[in-house]
Structure formats: structure tokens, C-alpha cells
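Peer 1: Mind looking at a prediction? Sequence and model below.
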Amino acid sequence: MGKQPQKPWYRIITALLLVTALIGSLAACSGEKKEESSTKTNTETETGNMNKEGLPIVKEPVTLKVLTVRWGNMGDTFTQNQWLKDLAKNTNVKIDWQVMSSNDWAEQKSIMLASGTLPDVVIGNQTFSDSDIVNNLSYFRPLDDYIDQYMPNLKAAMEETPDMKKISTFPDGKIYSLPARLPSRPKSSRQPVNNKTWLDKLGLKAPTTVDELYNVLKAFKEQDANGNGKHDEVPYVEASNDMISPWGIADLNTNFMIIQDGKPVYYPTTDAYKEGLKWESKLYAEGLIDKEVFTQDDTMKMAKFQNPDAPIVGFTYQWTPDAVFGKWGDQYETIPPIAGPDGKRYTIGNPVGMNLSRNEFLITTSNKYPEISARWADQFYTNEASIQNFWGAIGTVIQKNDDGTYTLMDPPAGTSADAWYWDQSLRDFGPKYVSPSFEKNIILNPKAGDGLKLQLDKLGSDYVTTPYPNVMYTSKEFEELPTLTTDIDTYVNTMRAQFITKGNIDEGWDAYVKQLNDMGLEKLIQIRTDAYSRYTSVK
């Protein structure tokens, strides 16, 4: 029998119990801290216990309640990172970690924000989103003065990489959350990958233009490229916008916005997008794009990438080829970006690196020790601290060499490098900053993982376009956006599939654009433009 629906009274009681449990866990997280705060609850007392420079940060121990959210069942083993343990010892700031799973965080987050009972510090951009913060500003402290007075490492980072300040500045001009710059990240995102074994067999060279790509895909389809006699080759499998990147459509953040001549542009109504659709429609009509491209799920697509009997995919766009092709991985190579009709190449990514994020550290208004918390957070913004909070501690995961370089050790047998890094560190989450000049000191394996991606990045990094940035919206804009984007985005995606599979793009284009305007496209573009103007005005 199916599970019976809960009665309303049962749901109310359940919610009350959850609220009570969560508030209780937060309040009880440090009885010792409560006892401390009875005599140390004002700034004068805090700064009297705090050393403004050097270590330890405080003369008498202070405990901070720190909340973070991890993917799935990753757990809290990262808290045993030796650098974090040494930090507690050297600063006299003890951390009471509250580590939550992303699996059930959405419900718990709603309860926490509704109750207003928050920990002292929040770490990681998976914990609270832009809208969570903007719509609950009274829970979070503006950090501008703390950065200026207590965070010299972060101040220096923002001066060296100004985009860190830009992405962290909220619409009211204040900073409520701190950013991160991850180490050894590429500039390019997905890059073109083709089956070199097939090319060699057919006597072809890697395509460099859209016309050459068309000829290669056609040869893959018609000449039994994998040699199994079945003509089961699928020249191109996916439905991403990568295929029209040669037309200058390089949308990193998948919000239908690009930057052209320094201005934000909504590209689904541009001539370039229209011409790109015509090209894709031609490929589809000739069987060069998978007939199931708009109906398959990720499992079906992966089954084609890793077809057990013979490789059947000829061309794709990927982060690295080894990540998707399984035992056929050696047949595939990443190639430079495909040149478009204008003769130029465009790569999806970010010229300053795909490594900046915000909402990595927040100090709540419940926190009785904001100055101490700011000084504690600033310890994360050094090069050595950051690499240890991205990969793992020196001596555990990282080897520090006599020549000033740092080598990543091999993971334990049976463990992937990426899983090991997540186990040993905050990894993608939390405050950190690795200076661009420091990255040359980090030695990575060029044949796998992060190191391989950096090698492949050299093929496309010169052609990376400036993306529409990760802008911030006002509370009012956050109210308006979902209503607009839900209908508009759905319509754009529906019509893209229809234009590619059925053609008639010229005949249907005007009606398509009119429908978008009737849906409020002008208002959507105005919101995006206003947000971009605020972003670029930050100095």
C-alpha cells in the first residue's frame, strides 16, 4: 500500500517539533559560550580580550558556533584537517562545527530563517543563497568596517583581484558575505572533443571551422567510422549551447545573457542566435545530431558515451574527455575552439578564471564576537591556508618542497583524488584566496584531474569571452525574476527544440520574438541591465 498523506494537524506538530529541535541544538551548541557571553557581550569586552594583530587572536579562549552545508553524505571529516586544528590552537578561537547535509538542508534552512535562531558564523555558498541573504538582511552583519579594520589579508586580495569585491557587494552597496578565489582553476569551461581514432581511420584532420566540422560529422555518419559495420555512429549527442558558441554565443551562467561591446545582451532574440539555430537544424535534418537529443536523460546520454561494444560518439564538448568516455577515453582528444562564420573563435568561460564565488562566510547578528570572527576568517585568506582548505593539509595531502613549491600527494589506494580532497578539506566551500602569482608554485599531475584540465585549458584560454557576471539582485528584483524567467525560459527552450527539429526558423522568427515581448522580456532585460550596472559601478 502507498504511504497515507499526513493530516494537517500532524504536519503542524511535526514542524513545531523540528523548530524546537533545531533551536535547541543551536542554543545548546555551546553552553560554555553562553556562560562566557554573560560577561562578554559587548564590543568593549570583546576587543579587550582580542589582540588586534598577531596570534593568538584572543587572550582567553572563545568558542564560535559555525554552520556549513556539505554535499549529500560527505560528513564532517574535514574538521580534522590539521590546518584547522592548528588554527584553533594558535588563535585561541575554538569552533563548534554544525555540519549539515544538502539532502535535507532546504527544510531545515526554512525553519532556521523563520525562527531567526542562527549560529555565529556561516561558511560555504551552499548554505544561504543571494535571495536568502537579501530577504533576511537583519540576520547578517555588514562586513565593510570589519574588513577595513581587522582583515588585512582579504583587503590585499580584493586590491589584487577587484572582481572579488564586485561579486561581494550587495545592491545597497554593502558587503554581507565574503568571497573566495580557488586555486588552479582554468579560464575555459567545456571545450570541443573529437574521436581522433575515427579521424585517422578516415584520413581526416581535426576540424577548425564550422564548415570543416560539418564535413567531419558527415563523414562520421556515412563512412562507418568505428568500423563495426552497423553504421551506429552518433556524430553529436547533446543539446547544449556549446554547438553555437562559434557564433559568439558563450553563455557561462546559462541565463541567456552575454556581454558584447561592454553591454549585456539577451541573445535568444539576436541574429547570431538565429543563424546558429539554422546550422543546428541543418545538422539535425541530416542525422548528424542525435534524434533523441531533446528526449534523452543523462543516463541515456552516458550510455552512448560508454557504449560497451564500440565507441559511437564522434564529437562533443566536455570539461575533460577522460571524465565521460570510460574505456574508450584514449580515442578522444580535446581540440582548440571551432572558428565561426566571422572567422573568430569563442570559448565559454571567464578571462579572470572560473574560480570566484561569494557567500562563503557570513557573520550573523546573533554573533557576540564579530571582531574576533572577522580576524579568524582573515586567517583563511593566505596562500598556504587556502591550498590547505582546498585540497588538504600540508603533510597530509600536500607536500611542501624545499624550493618553495607544493606537490599534491597521491590519494590512498581505491580512493579518487577528488573524493580525497573533499574528505580532507572545505574544498569548494569557505573563504580562501590564492594569488595568481602563487599558482606557479603548485605542482599538479598534468595527466589527470585539476592538472589535466589546466593543460587542456591552454587550447582555449585565449578565446574565452567575458561572461555576463554573477550579479546581485535587489529584494524586489528577486520577487519579479521568477515570474518572468519561468515562462520566458521555458518558451525559449521549447522553441529552440522546435526550430532545430522542425526548421522553419525564418517563417516563425517574428512570432517567436513577439511572444517573448508579450511575456515581459523588456522587463527581464531591464532587471538584468540594472543589476549589471550596479556590478560594474563597484570600485
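Peer 2: Structure's in. What do you need? This is a predicted model, so every value here is computed, not measured.
Peer 1: what about Gln126, is that helix, strand or coil?
Peer 2: coil (DSSP: H, G, I helix; E, B strand; the rest coil).
Peer 1: For Thr117, see how far away it is.
Peer 2: Taking CB to CB, to the nearest Å as the measure, Gln126 falls 20 Å from Thr117. The C-beta positions use only the backbone N, C-alpha and C, and glycine is treated the same way.
Peer 1: and Leu459, that's in a helix?
Peer 2: Yes - counting by three-state DSSP, Leu459 is found in a helix.
Peer 1: Tell me how far it lies from Pro411.
Peer 2: 27 Å.
Peer 1: ok, which stretches of the stretch 151-300 of the chain are helices?
Peer 2: For the stretch 151-300 of the chain, the helices defined by DSSP state H, counting those that start in this stretch occupy 152-160, 163-168, 196-202, 210-222, 271-285, 298-305.
Peer 1: I'd like those helices as a markdown table, with distance to Ile394 and mean pLDDT appended.
Peer 2: Converted to a markdown table, those look like this (distance: least, CB to CB, whole Å; pLDDT from 0 to 100):
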| stretch | distance to Ile394 | mean pLDDT |
| --- | --- | --- |
| helix 152-160 | 18 | 98 |
| helix 163-168 | 24 | 96 |
| helix 196-202 | 39 | 98 |
| helix 210-222 | 46 | 98 |
| helix 271-285 | 48 | 97 |
| helix 298-305 | 37 | 94 |
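Peer 1: closest one to Asp242 among those?
Peer 2: Of all these, helix 271-285 sits nearest to Asp242, with 10.8 Å by CB to CB.
Peer 1: Packing partners of that closest one?
Peer 2: helix 210-222, helix 475-502, helix 505-518 (3 or more CB pairs under 8 Å, 6 or more residues apart in numbering; DSSP states H and E).
Peer 1: Kindly compare burial across those and name the winner.
Peer 2: Per-stretch averages of neighbours, counted by mean count of other CB atoms under 10 Å, single out helix 210-222 among these, with a mean of 18.
Peer 1: how far off helix 271-285 does that one point, in degrees?
Peer 2: If you take axes from the mean of the first three to the mean of the last three CA atoms, to 10 degrees, helix 210-222 sits at 20 degrees to helix 271-285.
Peer 1: By mean pLDDT, flag the weakest helix or strand of the protein.
Peer 2: Confidence across the helices and strands of the chain bottoms out at helix 31-37, with a mean of 38, counting by mean pLDDT, DSSP states H and E.
Peer 1: Can you tell me who Gly349 pairs with across the strands?
Peer 2: Ser188 (DSSP bridges).
Peer 1: End to end on stretch 82-99, go ahead and measure it.
Peer 2: Start and end residues of stretch 82-99 are separated by 18 Å (CA to CA, to the nearest Å).
Peer 1: hmm, I was thinking of stretch 395-410
Peer 2: End to end - CA to CA - stretch 395-410 spans 12 Å.
Peer 1: now swap in stretch 77-84 and tell me
Peer 2: Taking CA to CA, stretch 77-84 runs 11 Å from one end to the other.
Peer 1: Phe315 against Leu213, yeah?
Peer 2: Yes - applying CB atoms under 8 Å, one finds Phe315 in contact with Leu213, separated by 7.3 Å.
Peer 1: Geometrically speaking, which residue is the centre of this protein?
Peer 2: Centroid-nearest residue in the chain, with CA atoms, centre = their mean: Ser357, separated by 7.4 Å.
Peer 1: name the element it belongs to?
Peer 2: Element membership for Ser357, per DSSP states H and E: strand 356-363.
Peer 1: Direction included, what does that strand pair up with?
Peer 2: Partners of strand 356-363 in the sheet, by DSSP bridges, are strand 121-123 (antiparallel), strand 178-181 (antiparallel).
Peer 1: and the first one, what's its mean pLDDT?
Peer 2: Confidence for strand 121-123, expressed as mean pLDDT, is 98.
Peer 1: Can you pull out the low-pLDDT segments for the stretch 101-250 of the chain?
Peer 2: The model of the stretch 101-250 of the chain has no residue with pLDDT under 70.
Peer 1: Over to stretch 429-436 now: how far is its first residue from its last?
Peer 2: Using CA to CA, the end-to-end distance of stretch 429-436 comes to 19 Å.
Peer 1: Check stretch 94-113 too.
Peer 2: Per CA to CA, the first residue of stretch 94-113 is 25 Å away from its last.
Peer 1: Same question for stretch 349-358.
Peer 2: End-to-end distance (CA to CA), stretch 349-358: 18 Å.
Peer 1: now stretch 413-430
Peer 2: First-to-last residue span, stretch 413-430, CA to CA: 28 Å.
Peer 1: Okay, buried residues for it please.
Peer 2: Ala417, Trp420, Tyr421, Trp422, Asp423, Gln424, Ser425, Leu426, Arg427, Asp428, Phe429, Gly430 (16 or more other CB atoms under 10 Å).
Peer 1: of these, the lowest pLDDT goes to which?
Peer 2: For the buried residues of stretch 413-430, the least confident position by pLDDT is Ala417, scoring 86.
Peer 1: quick revisit: tell me the one of the buried residues of stretch 413-430 nearest Asn255?
Peer 2: Of all these, Asp428 has the smallest distance to Asn255: 20.7 Å, by CB to CB.
Peer 1: Strands of the stretch 201-350 of the chain, start to end?
Peer 2: 234-236, 257-260, 263-266, 313-318, 332-334 (DSSP state E, counting those that start in this stretch).
Peer 1: Tell me which of the ones you listed sits most buried.
Peer 2: The most buried one of those (mean count of other CB under 10 Å) is strand 234-236, showing a mean of 26.
Peer 1: Relative to the whole chain's centre, how far out is stretch 212-219?
Peer 2: Centre-to-centre, stretch 212-219 and its host chain are 33 Å apart (CA atoms, centre = their mean, to the nearest Å).
Peer 1: Other residues contacting it?
Peer 2: 194, 199, 202, 204-207, 225, 235-236, 282-283, 286, 288, 314-315, 338 (CB atoms under 8 Å, 6 or more residues apart in numbering).
Peer 1: List buried residues within these.
Peer 2: 194, 199, 204, 206-207, 225, 235-236, 283, 288, 314-315, 338.
Peer 1: re earlier: what would the helices of the stretch 151-300 of the chain look like in a markdown table with distance to Ala88?
Peer 2: Shown next, in a markdown table, are the helices of the stretch 151-300 of the chain (distance: least, CB to CB, whole Å):
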| stretch | distance to Ala88 |
| --- | --- |
| helix 152-160 | 18 |
| helix 163-168 | 26 |
| helix 196-202 | 51 |
| helix 210-222 | 55 |
| helix 271-285 | 53 |
| helix 298-305 | 41 |
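Peer 1: To Pro467, which of the ones you listed lies closest?
Peer 2: helix 163-168 (11.6 Å).
Peer 1: Give me the contacts around the closest one.
Peer 2: Under CB under 8 Å, 6+ apart, the answer for helix 163-168 is 157-158, 175, 177-179, 181, 352, 356-358, 433, 469-470, 472, 535-536, 538.
Peer 1: Distance to Asp403 added to the helices and strands packed on helix 271-285, as CSV?
Peer 2: Output for the helices and strands packed on helix 271-285, formatted as CSV (distance: least, CB to CB, whole Å):
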stretch, distance to Asp403
helix 210-222, 44
helix 475-502, 50
helix 505-518, 58
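Peer 1: Can you say which of these is nearest to Asn253?
Peer 2: helix 475-502 (12.7 Å).
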